[in-house]
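> With the input below, show me the fold.
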Amino acid sequence: MTTDVPLPQPFAPTEAPPSTEGEINSLDVRLAQLELKIDEARLSGEAKHRDLLISEVRQRIRVRYWVVIIAMVAMFFMGVVLSHAAHHYFWGPVVIIPPAVAIAMFVGPIISITTITIVLLVGAFRRFKDDDMDQINVASIAAEATKSVVGR
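Numbers count the residues shown, from 1 in each chain. Next comes the predicted model:
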């Protein structure tokens, strides 16, 4: 009994064996699906990045609005303190409190209003930088404050 076993036929170098053609097609389909998933992930990453940038801009706008509101409330409060001092402790030319306290009652709210305004508005619209504290000359600021209080 002899069984005839077919001999393998040689393939051309450009042809793939018939059993692997289906595998190659399925691998091509799988590769296309993976590339599509990667592209979608990249696009969704760009969309997330865009959404984060938009939310950052919205947050900056909200912070600026809140800073302006807080500065206005603080200035209004200090104005009320200033008017209270002017109307309750001074009766015409008569001052019913010591002169140093009277000066402090006017200078305190004015300095407070200007400080709050400058610090909050500069911080909100220009942003604070790390080297801002190194650039401040405290001696000259103290001298200017003293000059403005003394009136020279």
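
> ok, which stretches of this structure are strands?
For the chain, the strands defined by DSSP state E occupy 90-91, 94-95.

> Select from the ones you listed the stretch with the lowest mean pLDDT.
When those are compared by mean pLDDT, strand 90-91 comes last with a mean of 68.

> Report all helices and strands that the lengthiest helix in the chain contacts.
Longest among the helix segments of the chain by residue count, using DSSP state H, is helix 18-88. For helix 18-88, the elements it packs on are helix 99-125, judged by 3 or more C-beta pairs under 8 Å, 6 or more residues apart in numbering; DSSP states H and E. Using the backbone N, CA and C atoms, a C-beta is placed for each residue, glycine as well.

> mind listing what's buried in the helix it packs on?
Ala102, Met105, Pro109, Ser112, Ile113, Ile116, Leu120, Ala124 (16 or more other C-beta atoms under 10 Å).

> measure the third one to Val57 for me?
Read it as Pro109. For Pro109, the distance to Val57 equals 35 Å [C-beta to C-beta, to the nearest Å].

> do the same with the second one
Taken as C-beta to C-beta, the spacing of Met105 relative to Val57 amounts to 43 Å.

> For Gly108, give its distance to Met72.
Distance from Gly108 to Met72, by C-beta to C-beta: 19 Å.

> err, Val81, not the other one
Per C-beta to C-beta, Val81 is found 15 Å from Met72.

> neighbour-wise, which of these two wins?
Legend: neighbour count by other C-beta atoms under 10 Å for Val81 and Met72, higher for Val81 (16 against 12).

> For the closest residue to the more buried one other than its chain neighbours, which residues are in contact?
Leaving aside its sequence neighbours, Val81 sits nearest to Pro109 (C-beta to C-beta, 6 or more residues apart in numbering; 4.8 Å). For Pro109, the contacting residues are Met78, Gly79, Val81, Leu82, Ala85, by C-beta atoms under 8 Å, 6 or more residues apart in numbering.

> what's near enough to touch the first one?
When you say that, I think you mean Met78. Pro109, Ile110, Ser112, Ile113, Ile116 are the contacts of Met78 under C-beta under 8 Å, 6+ apart.
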